[in-house]
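**Q** A predicted structure for the sequence below; I have some questions about it.
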Amino acid sequence: MKFLSYCPVYSLALLLLLLNVTGCTTSVRKVSPATIDQVSLNSIAGSDEKTSQIANKTPEELVRSGFVYLVRKDFTLANMHFVSALQKQPNLPLAYFGLARTNQQQGNFEGAQENYQKALKLQPDLLQAHIGLAQTMRLNDRLNDAIKAINQAMLVSPDDVRVLSELAIIYVTMGKETLAEPLYQEIVERAPDQASSYNNLGMNYLLKKQYAQAIIEFQQALAINRQDKRVKNNLATALALYGDTNSALEIFKATVGEAAAYNNIGYLLLTQGRLDEAEKSLIAALKINPKFYTRAQENLDRLNYLRKTQIAN
């Protein structure tokens with residue numbers, strides 16, 4: 001959740017708490033916003049050879065190359081190509097869109113917002129820019145603005161599953177899983193061949209503590225893509241919270257390893273207040289990997305703190 005074309009709900013709410021469940025995470029750093037005029041091509045090119053290659057490319061070629069570097073997460077080269085394209089052709093919406101995506105992935109949400117808006121001023125029907133703007137608002141904790149931005153995307157393409165997906169993620173981020181649920185169900189109807197459609201619906205049920213229904217959706221997702229470890233981890237999480245810790249343990253062993261599997265089970269039991277059962281799993285994790293496995297010890301420390309709190313009360 002990819003979430004169709006965007007980041008899924010794998011990492012939201014509960015899964016953010018799991019110390020070993022693989023999810024969709026984004027590492028970002030805050031950087032100062034920069035305008036096109038502030039960026040010198042020579043200062044970021046890195047070599048005369050790269051500068052020469054860029055000088056010989058058309059704006060459209062530069063934009064295509066910029067997206068290639070963006071996919072590779074080479075943000076310096078991506079930025080260089082998009083900036084150079086705009087220096088050659090200032091009114092190129094896809095170049096601004098590329099800069100915005102680069103900004104967003106680097107955690108520069110102000111720069112991303114500015115460049116998405118520039119792209120949309122030049123091409124108001126650029127759907128990806130509307131969705132990207134909504135994402136940026138959400139990632140910057142401006143959820144009401146994110147709703148407004150995704151509503152603009154709906155005016156462009158009301159039935160696009162990417163738009164529905166982003167709106168659902170915003171609702172989940174706001175803690176409004178009930179509003180997200182019909183959107184996820186509609187996505188399943190529109191994209192029934194996508195494992196992510198069922199996975200995202202399952203995650204929504206998981207967040208609502210409707211574990212039996214979540215299990216059904218995760219199993220449906222795995223019927224489409226049996227190799228997706230994230231879906232397997234989500235299924236194991238739902239099974240453990242539903243009470244089938246044995247089945248959950250076996251799935252976790254296959255996806256994250258034995259020590260991490262016992263830690264995950266222990267942690268999930270801990271979240272349900274099942275302290276004695278959690279302690280057994282966490283101790284098992286430590287026995288399997290006593291030297292390197294610190295997460296189980298951290299969870300044991302948390303468990304002991306909860307016990308002391310219960311005794312004090």
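**A** Nice, thanks for sending it over.

**Q** alpha carbons only for contacts and neighbour counts from here, please
**A** Fine.

**Q** show me the longest helix that occurs in this protein.
**A** The longest helix of the chain (DSSP state H) is helix 294-312.

**Q** same question for that one: list its buried residues.
**A** By 16 or more other Cα atoms under 10 Å, the buried positions in helix 294-312 come out as 295-297, 299-300, 303.

**Q** which one of those sits closest to Glu181?
**A** Asn299 (31.8 Å; Cα to Cα).

**Q** what is the mean pLDDT for stretch 293-307?
**A** Stretch 293-307 carries an average pLDDT of 85.

**Q** which residues touch that stretch?
**A** If you take Cα atoms under 8 Å, 6 or more residues apart in numbering as the criterion, stretch 293-307 is touched by 19, 259, 263, 266-267, 270, 275, 279, 282-283, 285-286.

**Q** would you mind listing which of these are buried?
**A** Among the contacts of stretch 293-307, those classed as buried by 16+ other Cα under 10 Å are 259, 263, 266-267, 270, 275, 279, 282-283, 285-286.

**Q** which members of those are positioned in helices?
**A** Here DSSP H is the test, and these give 259, 263, 266-267, 270, 275, 279, 282-283, 285-286 as lying in helices.

**Q** can you pick out the most distant pair from those residues?
**A** Greatest spacing in these, by Cα to Cα: Ala259 and Leu275 (18.4 Å).

**Q** and of the ones in helices among the buried ones among the contacts of stretch 293-307, the nearest to Ala112?
**A** Closest to Ala112 out of those is Tyr267 (36.7 Å), distances taken as Cα to Cα.

**Q** that closest one and Ala236: what is the separation?
**A** Distance, Tyr267 to Ala236, using Cα to Cα, to the nearest Å: 13 Å.

**Q** tell me the SS of Ile169?
**A** Here Ile169 is helix, with the state taken from DSSP: H, G, I helix; E, B strand; the rest coil.

**Q** mind checking pLDDT for it?
**A** On pLDDT, Ile169 comes in at 95.

**Q** so Leu62 sits against Ser84, correct?
**A** Yes: in this structure Leu62 lies within contact range of Ser84 using Cα atoms under 8 Å: 7.2 Å.

**Q** re the thing from before, ok now the longest helix of the chain, how far from the chain's centre?
**A** In terms of Cα atoms, centre = their mean, to the nearest Å, the centre of helix 294-312 is set 30 Å apart from its chain centre.

**Q** okay, it in PDB with CA atoms only?
**A** The C-alpha trace of helix 294-312 is given here as PDB (Å, rounded to 0.1, in the frame of the first residue of the first chain):
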ATOM      1  CA  THR A 294      16.800  -6.100  22.100                       C
ATOM      2  CA  ARG A 295      13.200  -5.500  21.100                       C
ATOM      3  CA  ALA A 296      11.900  -8.400  23.100                       C
ATOM      4  CA  GLN A 297      13.700  -7.000  26.100                       C
ATOM      5  CA  GLU A 298      12.200  -3.600  25.500                       C
ATOM      6  CA  ASN A 299       8.700  -5.200  25.400                       C
ATOM      7  CA  LEU A 300       9.400  -7.200  28.600                       C
ATOM      8  CA  ASP A 301      10.400  -3.900  30.300                       C
ATOM      9  CA  ARG A 302       7.100  -2.500  29.100                       C
ATOM     10  CA  LEU A 303       5.200  -5.500  30.400                       C
ATOM     11  CA  ASN A 304       6.800  -5.300  33.800                       C
ATOM     12  CA  TYR A 305       5.900  -1.600  33.900                       C
ATOM     13  CA  LEU A 306       2.300  -2.400  33.200                       C
ATOM     14  CA  ARG A 307       2.300  -5.100  35.900                       C
ATOM     15  CA  LYS A 308       3.600  -2.600  38.500                       C
ATOM     16  CA  THR A 309       1.000  -0.100  37.300                       C
ATOM     17  CA  GLN A 310      -1.800  -2.700  37.800                       C
ATOM     18  CA  ILE A 311      -0.500  -3.600  41.300                       C
ATOM     19  CA  ALA A 312      -0.300   0.100  42.300                       C
END
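
**Q** would Gln227 count as being in a helix?
**A** No: counting by three-state DSSP, Gln227 is not part of a helix but coil.

**Q** residues contacting it?
**A** Gln227 is in contact with no residue at all, counting by Cα under 8 Å, 6+ apart.

**Q** roughly how far does it sit from Ala153?
**A** Note on Gln227: its distance to Ala153, by Cα to Cα, is 33 Å.

**Q** next: Asn264.
**A** Relative to Ala153, Asn264 is positioned 39 Å away (criterion: Cα to Cα).

**Q** tell me which of those two has more neighbours.
**A** Asn264 (33 against 27; other Cα atoms under 10 Å).

**Q** for burial, what's the neighbour tally of Thr271?
**A** 14.

**Q** follow-up on the earlier one: with pLDDT added, can I get the contacts of stretch 293-307 in JSON lines?
**A** JSON lines is the format used below for the contacts of stretch 293-307 (pLDDT from 0 to 100):
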{"residue": "Leu19", "pLDDT": "37"}
{"residue": "Ala259", "pLDDT": "92"}
{"residue": "Asn263", "pLDDT": "93"}
{"residue": "Gly266", "pLDDT": "94"}
{"residue": "Tyr267", "pLDDT": "94"}
{"residue": "Leu270", "pLDDT": "92"}
{"residue": "Leu275", "pLDDT": "91"}
{"residue": "Glu279", "pLDDT": "93"}
{"residue": "Leu282", "pLDDT": "92"}
{"residue": "Ile283", "pLDDT": "93"}
{"residue": "Ala285", "pLDDT": "91"}
{"residue": "Leu286", "pLDDT": "90"}
